[in-house]
Each structure stands twice: as C-alpha cells, then as structure tokens.
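[1] only geometry, no sequence info:
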C-alpha cells in the first residue's frame, strides 16, 4: 500500500513500460503493430514455417497425396492448380521402402510432369530427397532431435530444406519413451511434443507435414476430429489440418483444409490410378454413371431412390447433384415413378458399350425381359426363328424378310452373324415374323416383302 494525500490506494502494476512485463501487451499497442502477411509454399494451403497434419483412414491415398504435393513443390509446379514456391523438400518414409516409393514416384512423374526431360530430374534442379526407416533407425535419427540433425546435415551440404513430409507421425515421435517415466498424461506429453516441433518450424521457417492415420471406424458423433487416431491433443496442437476423405475403391475424394492462417476449404478431388486431380462436373457425371451401370448390372431394375441410396453408401455426397445427373442421362417420364435398367449394344469397330435407360412403371415390362444376358437373349430369339421354320411358316433358305445390312439371307447366315445383329433389330425382326404367323391363313397367298 502507498499514501497519496493521506489516503490509502492500491498499487497498480506499471504496464506502460514494455520491459516490465515482456509477455503482456495491451490491445491498443497490439493494434498499432504491423505484421507481414504469411508466405505460402502452396498457395492458400501450406504456409511457410508451419506444422500441418495430413490425416485419413487407411488406404485412402495419404501417401499418394503427400508425394504429389512434395513433387509439385520440388519442381515449382502447381499442386491441384494452386501455385507453389520451388524449395528443397525432404520426405521421411517410415512405412514404404525405397522400392515402393520409387514406383509411386515414377508413376506420379509420368502422369503429371511427363514434359520434363529425364536429365532435368537427375540434377539439383529437382531438389527432392528421401530417407527410409531402415537407415533412420540404424543412425538413431528419430524424433525432433533426429530431425534437427538431418536438417543440419543437409545444410552442411548446401541443401536448405524448407518442407518436410513425415510418413508417418506415429513412427516418428518419441513420446512413448517419455510416457513410461513421466507422471504427465499422454495428452500433456503430446501437446508439449508438438509445441516443440511447431517452435522448430517457426524458428527455422520450415513447413512440416505429419502424415497420420484416422481410426478405421467413423466417429459416432460424425466429428472427423474424433476419428484421428491417438490423443485428442494432436489436432489442436498443429497449425493446419488436412483431412482426406475417400472410401476404399471410390474415385471421389474430399480434402478438407483448416488452419490458423488459411481459410476453411472443402476441395473436391478425383482419385484415379494413383493420381489426385480436382474433380470437375464431367468427372462427377462419369463416376456416377459408371457406378450406376455397375449397380444395375448386379441388381437389374432399380428405382431412383434405391440408386441414390447405393451411391451414398459408395461415398457420393450431394443427393441433389446426383439427381440432376441421373435426370440428365435418363429418358425420364415425369408423371410416373422411374425405373432404371441397362442395355448392351454392339459398337462399330468391335467391343460393346452400356447405355442407361429409364423406364416408366406404367409400361409394366417384366424384369426378366429387361435384364436377360445379351447372349442368352440372342439364343432365345434364334430358337423362336427356328420354331417358325420347323412349323413350316418360313423356309430355312427363303426368309420373308432379309437383314441385308448384316449380310443375312437365310437361317445359316443368321446363325453365323447372330452376334453382329443388334438386339433391337433382331427383336423387331422376330416380332414381325411372329405377328405375320398369327395372321397366316394357309388358304390365302401372302406377300412377305415388308
């Protein structure tokens, strides 16, 4: 306490001097400060000097996506159409061996940067470096201290690494050893460990991307953060979070991006043959139609509601978008419930293609007529023609109508060329023959030239 004009007053801490409380700053002074805008290694996604977590369920394509990003940065090429800053990149692989990484590396290079001469990739102009689990363990390089040693070692050789991918974080970290002797919880240890790693990123201006697994089962709450395997402190301790969502076998993928210096994003991707690309409307249409064809080939006829339920299980998200695409490719009757089926047709030049049709319920066509196997259908139609010959209605060598376009003039050539005739032409031909047969009066003369 101190005296002021004979009255007692409480002493107030002097926060006007910055040196008195270096960890505290007033709001007014904070507002007066100017800070540079963050620099990005990958535009809008990966800030310089940040710690990021790339997480997904097993077999979703995490390593493929990380390698694709690493290659793009090392070459200064766009990643998912986003600009990159070309800097040296280090990729620590704890799960894949050198042979497996080489195979993926070569595949991505062939698919995305085939225009770069091979001799360019063998020079320092392609600053991408790898280190594998066996060599790391032999030298004892593991954890944050091991990472610092690797960075210093490369720097002594003239390579200033600016981006590091660690595949995976679980095999890199060393807190398990500390947890045995420490009284702290796993959450506390994980948070402190990642805080130290984040401080390293900020001090050295190095961007580190930790690749991590999600749990195999989806969280009951639907919160993706809860799906991240391990301590809940992991997601909260990093600067940026990349959540890759893709069901095994599906081409559709989503990359959710969130962070301290980046806007939240939900980037739609297509994963095809080991390559991630931005998903276009044409991609969506092709993927949905392919999925519908595969489904209908297995189940036959299905209504649109059943198809949409199937597509949702396969990972397709927007119901309205799916409906729009289905309507675009269907021959829809708006007045009645629509059922879908698939027809196989012969394509010029050989091979077959499948076309989707929709069928109004009002037509009441039997499922067995719609979905019978092509070869079986031709066999049945051939048997019906043979029955007409055996009944004496037509002769084996004298057809009342020739299929000249297919080179068919008698039953023998019909048998030989049965696979070349479209189902619709064959059905129409047999139908007209049988209609004439039903009207046939043996006491009258008929002209069968129709």
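    Thanks, I have it. These numbers come from a predicted model, not from an experiment.

[2] which residues touch residue 207?
    For residue 207, the contacting residues are 41, 46, 47, 48, 49, 50, 51, 52, 162, 163, 164, 201, by Cβ atoms under 8 Å, 6 or more residues apart in numbering. Quick note: C-beta positions are derived from backbone N, CA and C, even for glycine.

[3] please tell me how far it sits from residue 316.
    Using Cβ to Cβ, to the nearest Å, one gets 33 Å for the distance from residue 207 to residue 316.

[4] now the strands for the stretch 51-200 of the chain?
    51-56, 89-93, 128-132, 163-167 (DSSP state E, counting those that start in this stretch).

[5] can I get those in a markdown table including distance to residue 421, mean pLDDT and mean neighbour count?
    Below are these laid out as a markdown table (distance: least, Cβ to Cβ, whole Å; pLDDT from 0 to 100; neighbours: other Cβ atoms under 10 Å):
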| stretch | distance to residue 421 | mean pLDDT | mean neighbour count |
| --- | --- | --- | --- |
| strand 51-56 | 50 | 93 | 24 |
| strand 89-93 | 56 | 95 | 24 |
| strand 128-132 | 57 | 91 | 18 |
| strand 163-167 | 56 | 95 | 24 |
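
[6] give me the low-pLDDT residue ranges for the stretch 201-350 of the chain?
    215-233, 300, 328-350 (pLDDT under 70).

[7] for the residue nearest to residue 81 when sequence neighbours are not counted, give me phi and psi.
    Spatial nearest neighbour of residue 81, excluding adjacent residues (Cβ to Cβ, 6 or more residues apart in numbering): residue 278 at 5.9 Å. For residue 278, the backbone dihedrals (degrees, to the nearest 10) come out as phi -60, psi 140.

[8] got the contact list for residue 278?
    The contact partners of residue 278, taken as Cβ under 8 Å, 6+ apart, are 80, 81, 267, 268, 269, 270.

[9] now rank these by neighbours and give me the top one.
    Within the contacts of residue 278, most neighbours by other Cβ atoms under 10 Å means residue 269, with 22 neighbours.

[10] ok, what's across the strand from that residue?
    residue 253, residue 278 (DSSP bridges).

[11] who's in contact with it?
    Applying Cβ under 8 Å, 6+ apart, the residues contacting residue 269 are 80, 246, 252, 253, 254, 255, 276, 277, 278, 279.

[12] any idea how far residue 289 lies from residue 102?
    Going from residue 289 to residue 102 by Cβ to Cβ gives 36 Å.

[13] higher neighbour count, the two?
    Per other Cβ under 10 Å, whichever of residue 289 and residue 102 has more neighbours is residue 289, with 17 against 12.

[14] any idea which element that one lies in?
    Taking DSSP states H and E as the criterion, residue 289 maps to helix 281-299.

[15] which strands or helices does that helix pack on?
    Judged by 3 or more Cβ pairs under 8 Å, 6 or more residues apart in numbering; DSSP states H and E, helix 281-299 is in contact with helix 304-313, helix 319-329, strand 338-346, strand 352-360.

[16] let's have the strands of the stretch 51-200 of the chain in TSV, adding distance to residue 409.
    Below are the strands of the stretch 51-200 of the chain laid out as TSV (distance: least, Cβ to Cβ, whole Å):
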stretch	distance to residue 409
strand 51-56	62
strand 89-93	67
strand 128-132	67
strand 163-167	67
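
[17] nearest to residue 408, out of those?
    The closest of the strands of the stretch 51-200 of the chain to residue 408 is strand 51-56. By Cβ to Cβ, the value is 56.6 Å.

[18] orientation of the closest one relative to strand 163-167 in degrees?
    40 degrees (axes from the mean of the first three to the mean of the last three Cα atoms, to 10 degrees).

[19] list the neighbouring strands of strand 51-56 plus their orientation.
    According to DSSP bridges, strand 51-56 forms sheet pairs with strand 207-213 (parallel), strand 240-245 (parallel).

[20] need the winner for burial among these.
    Ranked by mean neighbour count under mean count of other Cβ atoms under 10 Å, those are led by strand 207-213, which reaches a mean of 25.

[21] one step back: now, which of the contacts of residue 269 sits nearest residue 305?
    residue 252 (20.3 Å).

[22] which strand or helix spans residue 382?
    Assigned by DSSP H and E, residue 382 belongs to helix 374-390.

[23] name the helices or strands packed onto that helix?
    helix 411-416, helix 423-439.

[24] show the average pLDDT along that helix.
    Averaging pLDDT along helix 374-390 gives 76.

[25] the most centrally placed residue in the chain and residue 42, how far apart?
    Closest residue to the average C-alpha location of the chain: residue 253 at 3.0 Å, with Cα atoms, centre = their mean. Relative to residue 42, residue 253 is positioned 17 Å away (Cβ to Cβ).

[26] no further questions, thank you.
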